[in-house]
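Asks: what follows is a protein structure lacking sequence information:
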């Protein structure tokens, strides 16, 4: 009888532990939520920067540094080749242009928005008195002409409605020209799945990969100086990466980005990646052509580690690897992506498995990048 009671007690204890573990918040989901929900349009990345600094400062071998554009530079290791790992903090957004006589606001868009993604959306203005909720107004279906019903309204005709009736009421809310504007799209785990809905996955998913990779590399032997850099103003011209690369002077650079998932019936030639297929690399985009030996190194590493790797070529896409590539006397670079559905719009979707595998790939790459390997990738001497 006693043995039966002990067995039952053991089962009950195991069940209780399992229940507690199941109810414990997932720290990775928490990190992704904080990053996605943080406001950070180009030039106003403060909230994202605060998260990055809090996460990276305890992992850095030396004190954190900042360049004049507001990028954050953390470092793991103090000898060996200089490896720059980059993710940008900014997201698509806007700036209040002017306040009209009726209290409605015009907006300067920041980044590559699609006009059809702008109408009747919720936004948050980062005003002097705190967040101000807004909506992009839309012409009512009952009064538009037949032609307007199927038209895409140009961004110049779009306005922000904050509920104010006069410029004085808008000012009383703390709103004035120049205030940053971001989408209002809270993070959501999609119906118990491993897919996460949110704004700004371009490039908060890269920021999260950077944090998790640095956390793991802090406990992993390696033979490089790895600079983990969170950059600014990528969406309006890769600006932060340019100045950060001038500080780091990389021998080799890896950009972490959101990829383009072709899961919604697009043409195969537009993009080849899909959600759930693992991390990807860009063999071409409009801003950069990667180093071919670095591509081979990444493909070989992924194969050795049994990490699925998606290959992609995308027109109309630029990334920070282009600025690292042109820094100093030139550096081999590559864009490594976690696929995202619906980039450059209010709501995007990422897959947890893709995220985890991207971190695994980064750790494997950074562990293998020693001086001999980097020198071989950088060597353009013709074969004899």
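Replies: It's in. For clarity, every value in this text was computed on a predicted model and none was experimentally measured.

Asks: show me the shaky parts of the stretch 1-150 of the chain.
Replies: 1-23 (pLDDT under 70).

Asks: 50 instead, please
Replies: Within the stretch 1-150 of the chain, the ranges that satisfy pLDDT under 50 run 16.

Asks: pull out the buried positions in stretch 366-384.
Replies: Neighbour counts using 16 or more other C-beta atoms under 10 Å place 366-369, 373-374, 377-378 of stretch 366-384 among the buried residues. Using the backbone N, CA and C atoms, a C-beta is placed for each residue, glycine as well.

Asks: from residue 211, how far out is residue 28?
Replies: Distance of residue 28 to residue 211, computed by C-beta to C-beta, to the nearest Å: 10 Å.

Asks: give me the nearest residue to residue 283, chain neighbours excluded.
Replies: residue 313 (5.1 Å; C-beta to C-beta, 6 or more residues apart in numbering).

Asks: partners of the helix or strand hosting residue 281 in the sheet?
Replies: Under DSSP states H and E, the secondary-structure element containing residue 281 is strand 280-285. Note on strand 280-285: by DSSP bridges, its sheet partners are strand 310-314 (parallel), strand 333-340 (antiparallel).

Asks: check the offset of that strand from the chain's centre.
Replies: Relative to the centre of its chain, strand 280-285 is centred 16 Å away, using C-alpha atoms, centre = their mean, to the nearest Å.

Asks: what of stretch 134-154?
Replies: Worked out by C-alpha atoms, centre = their mean, stretch 134-154 lies 32 Å from the chain centre.

Asks: list the buried residues of it.
Replies: For stretch 134-154, by 16+ other C-beta under 10 Å, it's 134-137, 153.

Asks: list the contacts of stretch 357-374.
Replies: The list of residues contacting stretch 357-374 from outside it, by C-beta atoms under 8 Å, 6 or more residues apart in numbering, reads 80-81, 83, 85, 209, 212-213, 216-217, 220-224, 226, 251-252, 254, 256, 278-279, 297-298, 301-302, 304-305, 307-309, 336-338.

Asks: and that stretch, what's its mean pLDDT?
Replies: Mean pLDDT, computed over stretch 357-374, is 98.

Asks: strands along the stretch 151-300 of the chain, start to end?
Replies: 159-161, 180-183, 188-189, 195-198, 225-231, 252-260, 280-285 (DSSP state E, counting those that start in this stretch).

Asks: skip the chain neighbours and tell me the closest residue to the residue nearest the centre of the chain.
Replies: The chain has residue 203 as the residue nearest its centroid, 1.4 Å off, counting by C-alpha atoms, centre = their mean. Of all residues not flanking residue 203 in the chain, residue 88 sits nearest, at 4.8 Å (C-beta to C-beta, 6+ apart).

Asks: now do residue 33
Replies: With sequence-adjacent residues excluded and distances taken as C-beta to C-beta, 6+ apart, residue 33 is closest to residue 187, at 4.2 Å.

Asks: what is the burial count for that neighbour?
Replies: Other residues near residue 187 come to 18 when the count uses other C-beta atoms under 10 Å.

Asks: wait, doesn't it sit right on residue 32?
Replies: Yes. Assessed by C-beta atoms under 8 Å, residue 187 is found in contact with residue 32 at 7.0 Å.

Asks: returning to that earlier point: for residue 65, which of the strands paired with strand 280-285 is the nearest?
Replies: Closest to residue 65 of these, according to C-beta to C-beta: strand 333-340, at 20.8 Å.

Asks: what residues are up against the closest residue to residue 247 other than its chain neighbours?
Replies: Among residues not flanking residue 247 along the chain, residue 67 sits closest, at 5.2 Å (C-beta to C-beta, 6+ apart). Contact analysis of residue 67 by C-beta under 8 Å, 6+ apart lists 73, 240, 243-244, 246-247.

Asks: dump these to JSON lines, plus distance to residue 271 and neighbour count.
Replies: Shown next, in JSON lines, are the contacts of residue 67 (distance: C-beta to C-beta, whole Å; neighbours: other C-beta atoms under 10 Å):
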{"residue": "73", "distance to residue 271": "31", "neighbour count": "21"}
{"residue": "240", "distance to residue 271": "25", "neighbour count": "30"}
{"residue": "243", "distance to residue 271": "30", "neighbour count": "18"}
{"residue": "244", "distance to residue 271": "27", "neighbour count": "31"}
{"residue": "246", "distance to residue 271": "32", "neighbour count": "13"}
{"residue": "247", "distance to residue 271": "33", "neighbour count": "18"}
